[in-house]
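A.B. asks: no sequence for this one, just the structure:
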């Protein structure tokens, strides 16, 4: 009988295969070591290291975060402009704005009619003549009036001075009643008051004279027209205006029918004199604010690299 023993083809043993695999992997690792730690790799490592060191020496701030400055901060070193800049010169701009406001003239409201003073004088004298027409006996003697008439007389006197907006004066009203509220006194009073009112009367001329170097704007409250006035001596204060009126008493005694009527006209005129030229602070401040806004800011140029 033939031998049934199995004949295996020649092959590699497990030990040989393992050895070959180890030999293969070992060779691969050797190649990697040569690649990373070989002469070429060392040269690159040296080059990269030197480059890093040189960069740090040349640019020490490259690794630090740049400082962020806010408006008003003081820089710890000189900073160069990366581009051309225009920076506002606040000091020069503010100085120019202050100069502009100083050049604004103060505004004064001028009422040439003196709050309709002429019309009020006419109304008061007309009321007086009408009263005498209704009570003729009042011109002869106020003491002879009946109780009812006396009450009406007191009401009339009060209304007369209220119309004129002056303090009551018993002597003045008594002379006017006795003389019948004559036209010559009315016209003289209007003339005396007009003489000083048309010039302009201020409360305090000392304050006004502070503007003598530049002048003022005279604003007519009725027409809206404005006039620049540099001669401030043309204006009166209340005291000076009353002095001028009082100074005309002697000449009036000669022109009027009696010295008493001249006295009444002067007294009434002096009482009626009131300021008709007042400082308009609000309008002046508005013009100053506008002058400030019209001043353009001043800039200084910073060139690139400065």
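C.D. replies: Looks like it came in fine. As the structure is a prediction and not an experimental result, all values here were calculated from the model. Numbers count the residues shown, from 1 in each chain.

A.B. asks: where do the strands sit along this structure?
C.D. replies: For the chain, applying DSSP state E gives strands covering 85-88, 107-110, 201-202, 216-220, 226-229, 236-237, 277-279, 299-302.

A.B. asks: which one of those strands is the most hemmed in?
C.D. replies: For the strands of the chain, the largest average neighbour count (mean count of other Cβ atoms under 10 Å) is found in strand 201-202, namely a mean of 24. For glycine as for every other residue, the C-beta is placed from the backbone atoms N, C-alpha and C.

A.B. asks: what helices or strands is that strand leaning on?
C.D. replies: Strand 201-202 sits against strand 236-237, strand 277-279, with contacts defined as 3 or more Cβ pairs under 8 Å, 6 or more residues apart in numbering; DSSP states H and E.

A.B. asks: Pull up the pairing partners for the shortest one, direction included.
C.D. replies: Same thing as strand 236-237. Counting by DSSP bridges, the strands paired with strand 236-237 are strand 201-202 (parallel).

A.B. asks: Centre of the chain to the partner strand, how far?
C.D. replies: Strand 201-202 sits 26 Å away from the centroid of its parent chain (Cα atoms, centre = their mean, to the nearest Å).

A.B. asks: for stretch 154-161, same thing?
C.D. replies: Chain-centre distance of stretch 154-161: 46 Å, with Cα atoms, centre = their mean.

A.B. asks: buried set for that stretch?
C.D. replies: The neighbour-count check on stretch 154-161 (16 or more other Cβ atoms under 10 Å) flags 156-157, 160-161 as buried.

A.B. asks: what's next to it, contact-wise?
C.D. replies: By Cβ atoms under 8 Å, 6 or more residues apart in numbering, the surrounding residues in contact with stretch 154-161 are 124, 127-128, 131, 167-169, 173.

A.B. asks: try 6 Å this time
C.D. replies: Defining contact as Cβ atoms under 6 Å, 6 or more residues apart in numbering, one finds that stretch 154-161 is touched by 124, 131, 168, 173.
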